[in-house]
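Q: Sequence isn't available, so here's the structure alone:
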C-alpha cells in the first residue's frame, strides 16, 4: 500500500493506517525536534504531541501526497511554540562544555545558524537537516520555488560569511 493510500485510509478513520504513517516518519519527526529543541526528552514529548495533533487534525490535510510535509510543519510549529514559551537561547556558556571535534563542529554550525533570521534558520534545517526538496519547502511555506531558492542562497551566503569571518571556510 502506498503512503497516499494509507493517508486516505487514515482520514477515513483507519487507526492502523495512521500508526503505520507515524511509524514511517517517526525518525524524521524525532530529528526535526532534536534540531530545534536540542533535548532528547523534549524531542520525545514533541513527537508524542505532534502525533496527537496529527491524529486529531488528519481531516484538515487536503492533499494526501503532502502528508510528510504537513506532519513536519506540525512538528516545527510545536517546537517553535515550545521555544517561545521557554524563551530559550543558547548562551556562550552552554557552548563551552564540549571538547569533541564532532560536538564542536555541530555547535559551530548551530552558532552560525543562530546568527540567521528564524525564517532562514528554518529553511536551512528543512533543506539540509530534513533533506526536503525545494518544491516540498515551497509547498510547505505556500511560496514560489524561486522565492525559496533565493532565500536559501541568502542563507548560505550569510553562513559562508559567518565562517569566513571566523577563518573556517570548510563548513559551507
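A: Received it, and whenever you're ready, just let me know what you need. Here the structure is a predicted model, which means the values were calculated and not measured.
Q: center of this protein - which residue?
A: In the chain, the C-alpha nearest the mean C-alpha coordinate belongs to residue 32, at 4.0 Å (Cα atoms, centre = their mean).
Q: Ramachandran angles for that one?
A: Backbone torsions for residue 32, taken as degrees, to the nearest 10, come to phi -60, psi -50.
Q: Based on its surroundings, how many neighbours for the residue lying closest to it once chain neighbours are set aside?
A: The shortest distance from residue 32 to any non-neighbouring residue, by Cβ to Cβ, 6 or more residues apart in numbering, is to residue 75 (4.8 Å). All C-beta spots, glycine's among them, are computed from the backbone N, C-alpha and C. For residue 75, the count of nearby residues is 27 (other Cβ atoms under 10 Å).
Q: Just the buried positions in the host helix or strand of residue 75, please.
A: Using DSSP states H and E, the element containing residue 75 is helix 67-86. Buried residues in helix 67-86, counted by 16 or more other Cβ atoms under 10 Å: 67-76, 78-79, 82-83.
Q: how about residue 24, what does it touch?
A: Shown in contact with residue 24 (Cβ atoms under 8 Å, 6 or more residues apart in numbering): residue 3.
Q: Next one: it from residue 1, what distance?
A: 11 Å (Cβ to Cβ, to the nearest Å).
Q: ditto for residue 79
A: 30 Å.
Q: What does the pLDDT read for residue 3?
A: As summarised for this prediction, residue 3 has a pLDDT of 92.
Q: Could I get the contacting residues of it?
A: 21, 24, 64-65, 67-68.
Q: Could you do residue 83 as well?
A: By Cβ under 8 Å, 6+ apart, the residues touching residue 83 are 36-37.
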